[in-house]
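Trainee: no letters, just coordinates:
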């Protein structure tokens with residue numbers, strides 16, 4: 001490759017070269033050459049290769065499997081649309097993927113300051129906490145922590161939650177129709193407690209999402225904090241000027 005004295009640094013040149021190869025010659029989940037093989041193929045140092053791979057991972061072009069290697073992310077146009085996506089299950093089905101949910105925790109608790117504020121309830125009120133691992137095609141995508149006001153979901157139990165999607169429980173068992181959901185997200189670094197179930201390295205880039213869901217009475221019926229794998233989520237949103 002060209003010397004860094006001619007413009008871009010070597011690792012940025014390598015990023016551009018690998019991007020082009022990924023976009024034109026490779027398919028999602030193809031395995032990349034090892035770091036050693038990339039060094040030999042492109043005639044650069046291990047440090048240059050590692051910096052390039054780190055940048056590609058940050059941009060969502062690749063993902064890593066600990067002990068197995070580095071793979072191409074799915075860069076298709078199958079993006080989640082924030083303007084209309086309320087249900088993970090429905091969204092994954094629309095994208096042609098098979099959704100699955102594993103409940104990691106379900107309990108009653110007293111609302112702390114953060115939860116009370118986001119559910120618009122009093123501090124110490126009883127809420128249900130639901131922690132779930134969301135998968136598509138058996139690939140872990142997201143860890144969700146949802147909080148529900150217990151007064152709106154009396155009798156809610158684990159067997160019911162395991163029997164159907166959460167929003168079906170809302171509508172079919174509690175007559176809680178979702179009217180709208182506010183959602184915001186930001187980039188961050190994963191903590192170890194979420195890295196393990198997501199099968200990603202501690203410190204890998206992730207998306208943090210917060211969602212507040214309202215019923216037709218404009219009451220908040222759900223507040224959810226989610227941590228999503230950056231290599232698996234590609235969001236789009238449409239803005240319409242009125």
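Mentor: In hand now; what should we look at? Quick caveat, the model's predicted, so the values are computed rather than measured.
Trainee: for the rest of this, base every contact and every neighbour count on C-alpha atoms.
Mentor: Fine.
Trainee: bridging residues for the residue lying closest to residue 31 once chain neighbours are set aside?
Mentor: Leaving aside its chain neighbours, residue 31 sits nearest to residue 71 (4.4 Å; criterion: Cα to Cα, 6 or more residues apart in numbering). Beta-bridge pairing of residue 71 under DSSP bridges involves residue 31, residue 63.
Trainee: kindly report the same for residue 108.
Mentor: Bridge pairing for residue 108 - DSSP bridges - gives residue 128.
Trainee: for it, what are its contacts?
Mentor: By Cα atoms under 8 Å, 6 or more residues apart in numbering, residue 108 lies in contact with 126-129, 150.
Trainee: and this structure, what are its domain boundaries?
Mentor: Per the TED database, the domain ranges recorded for the chain read 10-72, 88-229.
Trainee: and the shortest one, what's its mean pLDDT?
Mentor: The pLDDT scores in domain 10-72 average 88.
Trainee: how near is the residue nearest to residue 190 when sequence neighbours are not counted to residue 31?
Mentor: Excluding the flanking residues, the one nearest residue 190 by Cα to Cα, 6+ apart is residue 203, at 5.1 Å. Using Cα to Cα, to the nearest Å, residue 203 is found at 21 Å from residue 31.
Trainee: show me which of these two is the more surrounded one.
Mentor: For the pair residue 203 and residue 31, the greater number of neighbours falls to residue 31 (17 against 12), based on other Cα atoms under 10 Å.
Trainee: tell me who's in contact with that one.
Mentor: Residues counted as contacts of residue 31 (Cα under 8 Å, 6+ apart) are 69-72.
Trainee: rerun that using 7 Å as the cut-off
Mentor: Neighbour list for residue 31: 70-72 [criterion: Cα atoms under 7 Å, 6 or more residues apart in numbering].
Trainee: now the element after the helix ranked longest in the chain, going C-ward?
Mentor: Counting by DSSP state H, the longest helix found in the chain is helix 10-25. Counting by DSSP states H and E, the next helix or strand C-terminal to helix 10-25 is helix 35-42.
Trainee: just the strands in the chain please.
Mentor: Taking DSSP state E to define them, one finds strands in the chain at 62-65, 69-72, 80-81, 99-110, 126-136, 139-149, 178-189, 205-215, 220-229, 235-236.
Trainee: picking that back up, roughly how far apart are the residue nearest to residue 31 and residue 230?
Mentor: From residue 71 over to residue 230 (counting by Cα to Cα), the distance is 13 Å.
Trainee: then residue 201?
Mentor: Counting by Cα to Cα, the gap from residue 201 to residue 230 is 12 Å.
Trainee: who has more neighbours, these two?
Mentor: residue 230 (26 against 17).
Trainee: the residue nearest to the more buried one when sequence neighbours are not counted: neighbouring residues, count only.
Mentor: Nearest non-adjacent residue to residue 230, counting by Cα to Cα, 6+ apart: residue 206, 4.5 Å away. Residues contacting residue 206 under the criterion other Cα under 10 Å number 25.
Trainee: pick out the shakiest of the strands of the chain, pLDDT-wise.
Mentor: strand 80-81 (a mean of 48).
Trainee: list the contacts of stretch 90-103.
Mentor: Under Cα under 7 Å, 6+ apart, the answer for stretch 90-103 is 78, 85, 89, 131-137.
Trainee: what's the span of stretch 105-116 from first residue to last?
Mentor: Note: stretch 105-116 ends 20 Å apart using Cα to Cα.
Trainee: swap that for stretch 51-65, sorry
Mentor: Stretch 51-65 end-to-end distance (Cα to Cα) = 17 Å.
Trainee: quick one: buried residues of that stretch?
Mentor: Buried residues in stretch 51-65, counted by 16 or more other Cα atoms under 10 Å: 51-58, 60-64.
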